[in-house]
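K.L.:
For reference, the sequence and a predicted model appear below.
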Amino acid sequence: MRVRNQDRTAWQLQEDEVLLGDLPITLLVQVRDEDDDGPAIAARVTLEIPTGDESRGGGSGGRDTAAGVLFERSLGRWTLTASFDGVHVDQPRSFVEAGIDIRTMLFAAGGVEYRWTDRFSLLGQALFRTPITRSLPFEEIDREIVDLGFGAAFDVARDVTVTASFHEDAVAASGPDLTFYLGLAVGF
């Protein structure tokens, strides 16, 4: 896969290659506990460290930042979530040289968790994301993404959870065909 503009390659990725991407580090602070009057509310900020190789398509080459707010409401074994985030991506040097403007993206997500046991949960998520650029006139890049995800979470210890999920973009041409996420959450 290759993205070119003004006779310059802005981004490329080799087929069937496994890459390490940039490393996101997130700080989450609970603002309000859930009670009878309303949901739990938390705020988060993220700094993405450029550990991926920009020249191979594995990262932006810069320190990306994000901020958002999250809501959570439990109903028995079910938990409903919603979040809203803004993400600023450092302009990759190759994009600037190719005349491609990267935009601040907005995200909105909703999720559902069913706690099958006290340590194991089934997960579902829908996420909407604005386009990363409008500089390239083809739908694989300049369209919104509607990501649908299904997975599971397992508490391996107190305040330590492993999650795994598969995701598919419902707007078929604008996102990855299929994505697998593996995550580790540690509470402090």
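P.N.:
Good, I have the coordinates. Numbers count the residues shown, from 1 in each chain.

K.L.:
The closest residue in space to Glu97 that isn't next to it in sequence bridge partners, please.
P.N.:
Leaving aside its chain neighbours, Glu97 sits nearest to Arg8 (5.6 Å; criterion: Cβ to Cβ, 6 or more residues apart in numbering). Every residue, glycine included, has its C-beta placed from N, CA and C. Counting by DSSP bridges, Arg8 forms beta bridges with Asn5.

K.L.:
what number of residues lie near Arg8?
P.N.:
By the criterion of other Cβ atoms under 10 Å, Arg8 has 14 neighbours.

K.L.:
for this structure, what helix or strand is lowest in average pLDDT?
P.N.:
For the chain, counting by mean pLDDT, DSSP states H and E, helix 139-142 ranks last in confidence among helices and strands (a mean of 70).

K.L.:
In the next helix or strand after that one, which residues are buried?
P.N.:
The first helix or strand that comes after helix 139-142 along the chain, using DSSP states H and E, is strand 145-157. By 16 or more other Cβ atoms under 10 Å, the buried positions in strand 145-157 come out as 145-147, 149, 151, 153, 155.

K.L.:
repeat for stretch 103-113
P.N.:
Under the neighbour-count criterion of 16+ other Cβ under 10 Å, stretch 103-113 has 105, 107, 109, 111, 113 buried.

K.L.:
Tell me the secondary structure of the last one, please.
P.N.:
In three-state terms, and counting by DSSP: H, G, I helix; E, B strand; the rest coil, Glu113 is strand.

K.L.:
before we move on, the earlier item: between the buried residues of strand 145-157, which is closest to Phe128?
P.N.:
Lowest distance from Phe128 to the buried residues of strand 145-157 (Cβ to Cβ) belongs to Val146, with 5.6 Å.

K.L.:
quick revisit: any chance of the buried residues of stretch 103-113 in TSV, plus pLDDT and distance to Ala40?
P.N.:
Converted to TSV, those look like this (pLDDT from 0 to 100; distance: Cβ to Cβ, whole Å):
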residue	pLDDT	distance to Ala40
Met105	91	25
Phe107	95	19
Ala109	97	16
Gly111	97	14
Glu113	97	13
